[in-house]
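Peer 1: No sequence on hand, only this structure:
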């Protein structure tokens, strides 16, 4: 595997070599402080069978429309959302305050036959932030408690502690997915191969580094991660290949918001494709200061 970091990203960097990869590590590694918001549909399980079981395609339509609406809302404000199980969704909401989340919650309640509860937490480790948010929401009542409605708990990051590298996004992609799978196997077997690599990635990145990985379609997986160096990503890629035979590459970006970090990660991934490098870490994106 060929591993590199975008050269412009390194200041006073040191190089480490081993017999498998070239790894460049940071001496002054960027910090992170991911703000995650758990979205949970209120009393969804009982609602789907009351007063009688609802048609499955109607439920699928409801879930997809709810996800699309929230994605549009948080995406236009610099955030990300991942559908996970649809009745539970995970948002990266750095830059969104309590009032913006309350407005989103009210809009959903006005336009959908279900309501949602929200819990927000932040931490340098994304998995820790999600654990805290989950515990706060669980403390407010069960997901199937009909009396728990439109809970909004947790404290977003205050502006005075936000930084230009709060959010780290890693965009993973399967090497030659079309040539190895899409054009060779039937669609379902291709799906199995990609999903196996995703399962391996999500388990190992979460257990070893505290990152949260999400399948986003095609052969793409996006992870919200703590501040990691290139050797950590090389380790993850090696483990996935050893477990599944699928080879990944990854572009990594950091910024004040998920949207900006994700764009940087996409550009870094394009550099992977152009150069053949397995890992490219982009420059942190510094916000433009307003003249107002």
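Peer 2: Thanks, I have it. All values derive from a computational prediction rather than experimental measurement. Residues are numbered from 1 along each chain as shown.
Peer 1: Listing request: residues of the stretch 101-250 of the chain with sub-threshold pLDDT.
Peer 2: Low-confidence segments of the stretch 101-250 of the chain (pLDDT under 70): none present.
Peer 1: Let me see the ranges of the strands in it.
Peer 2: Using DSSP state E, counting those that start in this stretch, the strands of the stretch 101-250 of the chain run over 116-123, 152-154, 167-174, 212-217, 220-225, 248-255.
Peer 1: Might you report the residue contacts of the closest residue to residue 41 other than its chain neighbours?
Peer 2: Setting aside the residues directly before and after it, residue 41 is nearest to residue 87 in space (CB to CB, 6 or more residues apart in numbering), at 4.7 Å. For glycine as for every other residue, the C-beta is placed from the backbone atoms N, C-alpha and C. Going by CB atoms under 8 Å, 6 or more residues apart in numbering, residue 87 touches 40, 41, 44, 45, 63, 143.
Peer 1: And for residue 51?
Peer 2: Here residue 51 is in contact with no residue (CB under 8 Å, 6+ apart).
Peer 1: Where does it sit, in terms of helix or strand?
Peer 2: Assigned by DSSP states H and E, residue 51 belongs to no helix or strand.
Peer 1: host element of residue 36?
Peer 2: strand 34-41.
Peer 1: Partner strands of that strand and their direction?
Peer 2: strand 88-92 (antiparallel), strand 116-123 (antiparallel) (DSSP bridges).
Peer 1: Please report phi then psi for residue 49.
Peer 2: Torsion angles at residue 49 (phi, psi; degrees, to the nearest 10) stand at phi -120, psi 20.
Peer 1: Next one, pLDDT for it please.
Peer 2: Per-residue pLDDT puts residue 49 at 95.
Peer 1: residues in contact with it?
Peer 2: Per CB under 8 Å, 6+ apart, neighbours of residue 49: none.
Peer 1: Okay, it and residue 109: tell me how far apart.
Peer 2: Noted for residue 49: a distance of 21 Å to residue 109, by CB to CB, to the nearest Å.
Peer 1: Tell me which residues touch residue 56, please.
Peer 2: Per CB under 8 Å, 6+ apart, neighbours of residue 56: none.
Peer 1: Okay, it and residue 108: tell me how far apart.
Peer 2: From residue 56 to residue 108 the distance is 22 Å (CB to CB).
Peer 1: neighbours around residue 188, how many?
Peer 2: 7 (other CB atoms under 10 Å).
Peer 1: now residue 83
Peer 2: What residue 83 shows, counting by other CB under 10 Å, is a neighbour count of 20.
Peer 1: residues contacting it?
Peer 2: 63, 67, 89, 214.
Peer 1: Then residue 107?
Peer 2: Applying CB under 8 Å, 6+ apart, one finds that residue 107 lies in contact with 69, 73.
Peer 1: Do a quick rundown of the helices in the stretch 51-200 of the chain.
Peer 2: 56-75, 98-111, 126-139, 177, 187-209 (DSSP state H, counting those that start in this stretch).
Peer 1: ok, and what's touching the fourth one?
Peer 2: Pointing back at helix 177 there. Here helix 177 makes contact (CB under 8 Å, 6+ apart) with 190, 194, 218, 219.
Peer 1: And the furthest pair within the residues you listed?
Peer 2: Distance extremes for the contacts of helix 177: the farthest pair is 190 and 218 at 10.4 Å, using CB to CB.
Peer 1: Those two: who's more crowded?
Peer 2: With neighbours defined as other CB under 10 Å, residue 190 and residue 218 compare such that residue 190 has more, 18 against 12.
Peer 1: Isn't that one up against residue 181?
Peer 2: Yes - between residue 190 and residue 181 a contact is recorded at 4.3 Å, counting by CB atoms under 8 Å.
Peer 1: Let me know how buried residue 71 is, in neighbour terms.
Peer 2: There are 17 residues near residue 71, going by other CB under 10 Å.
Peer 1: Could you report the distance from residue 106 to residue 120?
Peer 2: 16 Å.
Peer 1: Neighbour count for the two, which is higher?
Peer 2: residue 120 (25 against 13).
Peer 1: dump the residue contacts of the closest residue in space to that one that isn't next to it in sequence.
Peer 2: Excluding the flanking residues, the one nearest residue 120 by CB to CB, 6+ apart is residue 154, at 3.5 Å. Counting by CB under 8 Å, 6+ apart, residue 154 touches 37, 118, 119, 120, 121, 132, 133, 136.
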